[in-house]
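S.K.: Would you be able to build a 3D model of this:
(2 chains)
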There are 2 protein chains.
Amino acid sequence: MPAASITTVPVPLGDRAYDIFVGRDLLHEAGARIAALGARAAAIVTDAHVGPLYAETLAQSLKQQGLRAAIVTVPAGEATKSYASLETVCDAVLEAKIERGDLVVALGGGVVGDLAGFAAAVVRRGVRFVQVPTTLLSQVDSSVGGKTGINSRHGKNLVGAFHQPSLVLADTALLDTLPLREMRAGYAEVVKYGLIDDAAFFAWCEKNWQGVFAGGPERDEAVAQSCRAKAAVVVRDEREDGDRALLNLGHTFGHALERITRYESARLVHGEGVAIGLCLAFRFSASLGLCPEADAARVEAHLAATGLPTRLAQVSGGCGTVDELLDAMAQDKKVKGGALTFILARGIGKSFIAPGIAVDSVRAFLEKEINASRP
Amino acid sequence: MPAASITTVPVPLGDRAYDIFVGRDLLHEAGARIAALGARAAAIVTDAHVGPLYAETLAQSLKQQGLRAAIVTVPAGEATKSYASLETVCDAVLEAKIERGDLVVALGGGVVGDLAGFAAAVVRRGVRFVQVPTTLLSQVDSSVGGKTGINSRHGKNLVGAFHQPSLVLADTALLDTLPLREMRAGYAEVVKYGLIDDAAFFAWCEKNWQGVFAGGPERDEAVAQSCRAKAAVVVRDEREDGDRALLNLGHTFGHALERITRYESARLVHGEGVAIGLCLAFRFSASLGLCPEADAARVEAHLAATGLPTRLAQVSGGCGTVDELLDAMAQDKKVKGGALTFILARGIGKSFIAPGIAVDSVRAFLEKEINASRP
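M.R.: Take a look at the predicted model:
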């Protein structure tokens, strides 16, 4: 059956240009859209959570269009972004006789997208791939922009490739069964796009977030607008030499919290770290006199309304000491002459890259934040 | 000390353009040339044969220019082109704190170049790399053109990336200590460039090959001319969508022989397979009435004069049956409707891509070849 209402977001990257389709029930007609790319075969890479729900539907849809379709299932979870899984997936894709003109289809969240996209980048020195993201986080963030990769013992995403997908199908109906906590975590990235450079979209989020969570047309609109925002940044700076750093708003603090909680999802997931990080970035900007206190308060009020954490004290098991936080941040960033580069804001929708932020001023801010959290 | 005479071969690939320098004793001044690329640190990847001979010289040369230099040593041999070695090298490069602006330097033969180049392509989603090839084969073939990769259990070089080096330093003095058999094997690829499209260069080879082996100025000229020839093909077809296939002259038969001898270098090395393959390609062309018999005889006479094998009967331990050879060829090529694509020749320097060669005609030719070899 044709999807009721589909939004197309073009990503105009020259000879690597592609479209993102956003809408409900895209999965059922995925075969026709994927077949239009002209391949004869596809290897569907999915995980043990998502595969049983959707892989067979997708495979049937491809077969109806005359494509061979194989299903490759990896374990769910961040540990799957490993060298060992890369080998498993590459060999399985080769076993499925995927040639240069054929496709890898990533069906899952960010882990599957990053891993399958990287495998597609290197099998036969590069085959095309399609993203079918199944979480809000991957629909609005990781499936767009071409960053693929795995984790090294030296850090996350340190081994990978820039490899743009040939097509992204964001079926918003797949989010109906997403756990609320994962929905919220993805939503933190949606809000981020408003905070970076689109105050009107942030205001729209304040008004419409319940529809986004409930699965109304607001959800499609939020996903499409997020993809547009990310695509615009990626088109300006595909390989992250400049502007793309704006997408890291909230992420310096967020990554530090993920490190301190050892990436244990029971304690903190990425989007929760980002939510706290967004609030910290705005409060830090306010404390430096850059941003009205009222804007920082408004950011916190909205994220808290959706049930996201906004304060260091909300990190399960504790957020560590100021020194531990600074250490964890230094692993993410290069400290040059006692100074760091941050993404700060002059207000909602007015974020900017701020080099030369003194470590001492970060320390003073974090001490205030931690003390404020004490009972 | 400055090298006496250095030839520069430009590879004009737009924003991926680079130079190949060819000459004696380039290793000693490598630091200055590499430092000119603007990095602050380099990870030298080498193997257990080459490392003890040259890695410290290269590291010192880099340090004199103010670069940090780390040495990463992998086992020698084809088995090193593995997923496990990729992990080892990537993690070692990260351990050496190589950032986006820094370098990986491949110091060794084709195995090291392919592995280190692939690691450079994926560490931090791509850092630059420099090739310092130490065998004739890698100086005239694998170090030029940007193909990098590892082997899969499904076949050789099936996982990798197109990643052009930023600089190639071919120090021809390093070949002084190369075993004669490896020298000959590399020389088969030199001759190939003449056979593809440069009859004058083939005639030059017939006259000057002893100087190439002995290490006179003829060696530098042969390496430089081979690099020029390969660069010209790569510039026309960087990602092997067309013309680059000409470089496979002699390789369809050669790869089949490597497969049949299970890549056991005691039985056959790549260049020996290519030498026999070049002779077979010319004799096959002659048997199809495409090429003068005299040209095929001249190819064989020259390769035999240098000590290279030219006949199936010379494969140590046997070349297998006709069916085994055809099977091994089918693994390399797609057989479409009983036909294969070959690189054939209308004469010396007149090679062309020949699609639609009937498997039956290949079979008849191979039967004749094998019977002719029988005592």
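S.K.: Can you list the low-confidence ranges for chain A?
M.R.: Applying pLDDT under 70 to chain A flags the ranges A:1-4, A:332-336, A:373-375.
S.K.: tell me the helices in it, going along the chain?
M.R.: For chain A, the helices defined by DSSP state H cover A:30-35, A:51-63, A:83-95, A:110-122, A:136-137, A:180-197, A:199-214, A:217-236, A:251-260, A:270-287, A:293-305, A:322-332, A:359-373.
S.K.: Switch the ones you listed over to CSV, and while doing so, append mean neighbour count to every line.
M.R.: Any C-beta I mention is one placed from the backbone N, CA and C, and that applies to glycine too. Formatted as CSV, the helices of chain A follow (neighbours: other C-beta atoms under 10 Å in any protein chain shown):
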stretch, mean neighbour count
helix A:30-35, 20
helix A:51-63, 18
helix A:83-95, 21
helix A:110-122, 28
helix A:136-137, 27
helix A:180-197, 23
helix A:199-214, 17
helix A:217-236, 21
helix A:251-260, 24
helix A:270-287, 26
helix A:293-305, 18
helix A:322-332, 16
helix A:359-373, 15
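S.K.: So which of these is nearest chain B?
M.R.: Closest to chain B of the helices of chain A, according to C-beta to the nearest C-beta: helix A:83-95, at 4.1 Å.
S.K.: Mind listing residues that contact the closest one?
M.R.: For helix A:83-95, the surrounding residues in contact (C-beta atoms under 8 Å, 6 or more residues apart in numbering or on different chains) are A:43, A:45, A:70, A:72, A:74-75, A:104, A:115-116, A:118-120, A:122-124, A:127, A:150, A:159, B:83, B:86-87, B:90, B:152-155, B:158-159.
S.K.: Leaving out chain neighbours, which residue sits closest to the residue nearest in space to the middle of chain A?
M.R.: Per C-alpha atoms, centre = their mean, the C-alpha nearest to the average position across chain A is that of A:Asp141, at 3.2 Å. Excluding the flanking residues, the one nearest A:Asp141 by C-beta to C-beta, 6 or more residues apart in numbering or on different chains is A:Glu189, at 4.7 Å.
S.K.: wait, that neighbour sits on A:Gly271?
M.R.: Yes: counting by C-beta atoms under 8 Å, A:Glu189 touches A:Gly271, with 6.3 Å between them.
S.K.: Residues that sit against both of those two, list them.
M.R.: Common neighbours of A:Glu189 and A:Gly271, using C-beta under 8 Å, 6+ apart, are A:Leu137.
S.K.: ok and the residue in the stretch 151-300 of chain A nearest chain B?
M.R.: Counting by C-beta to the nearest C-beta, the stretch 151-300 of chain A gets nearest to chain B through A:His154 (4.1 Å).
S.K.: Give the full set of residues in contact with that residue.
M.R.: Going by C-beta under 8 Å, 6+ apart, the list of residues near A:His154 reads B:Asp91, B:Leu94, B:Glu95.
S.K.: quick one: it and B:Arg244, what's the gap?
M.R.: 36 Å (C-beta to C-beta, to the nearest Å).
S.K.: What of A:Gly110?
M.R.: A:Gly110 is 36 Å from B:Arg244, where distance means C-beta to C-beta.
S.K.: Likewise for A:Ala266?
M.R.: Look at A:Ala266 and B:Arg244: by C-beta to C-beta, they are 52 Å apart.
S.K.: Can you pick out the residue with more neighbours from these two?
M.R.: Between A:Ala266 and B:Arg244, counting by other C-beta atoms under 10 Å in any protein chain shown, B:Arg244 is the more crowded of the two (18 against 8).
S.K.: Quick check: chain neighbours aside, which residue is closest to that one?
M.R.: Closest residue to B:Arg244 apart from its sequence neighbours, by C-beta to C-beta, 6+ apart: B:Asp237 at 4.1 Å.
S.K.: In this structure the one you found contacts B:Leu247, no?
M.R.: No: taking contacts as C-beta under 8 Å, B:Asp237 lies outside contact range of B:Leu247: 9.5 Å.
S.K.: Looking only at neighbour counts, state which of the two leads.
M.R.: A count of neighbours by other C-beta under 10 Å puts B:Leu247 above the other of B:Asp237 and B:Leu247, at 22 against 15.
S.K.: contacting residues for the more buried one?
M.R.: B:Lys192, B:Ile196, B:Lys230, B:Val233.
S.K.: For chain A, tell me which of these show up nearby.
M.R.: Contacts with chain A are made by none of the contacts of B:Leu247, judged by C-beta under 8 Å from any C-beta of the partner chain.
S.K.: Reformat the residues you listed as JSON lines; add distance to B:Val11.
M.R.: Below are these laid out as JSON lines (distance: C-beta to C-beta, whole Å):
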{"residue": "B:Lys192", "distance to B:Val11": "19"}
{"residue": "B:Ile196", "distance to B:Val11": "18"}
{"residue": "B:Lys230", "distance to B:Val11": "9"}
{"residue": "B:Val233", "distance to B:Val11": "11"}
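S.K.: How about the residues of chain A by chain B?
M.R.: A:83, A:86-87, A:90-91, A:94-95, A:99, A:118, A:121-126, A:147, A:149, A:152-155, A:158-162, A:239, A:334.
S.K.: can we see that at 7 Å?
M.R.: Residues of chain A lying close to chain B by C-beta under 7 Å from any C-beta of the partner chain are A:83, A:87, A:90-91, A:94-95, A:122-125, A:149, A:152-154, A:158-162.
S.K.: Counting neighbours, what do you get for the nearest residue to A:Leu268 once chain neighbours are set aside?
M.R.: In space, and not counting its chain neighbours, A:Leu268 is closest to A:Thr261: 4.4 Å by C-beta to C-beta, 6+ apart. Counted by other C-beta under 10 Å, the residues lying close to A:Thr261 total 22.
S.K.: Isn't A:Thr261 up against A:His270?
M.R.: No: with contact defined as C-beta atoms under 7 Å, A:Thr261 does not reach A:His270; the gap is 10.8 Å.
S.K.: what sits opposite A:Gln131 in the beta ladder?
M.R.: A:Ala106, A:Val168 (DSSP bridges).
S.K.: Please report how far it lies from chain B.
M.R.: A:Gln131 sits 17 Å away from chain B, taking C-beta to the nearest C-beta, to the nearest Å as the criterion.
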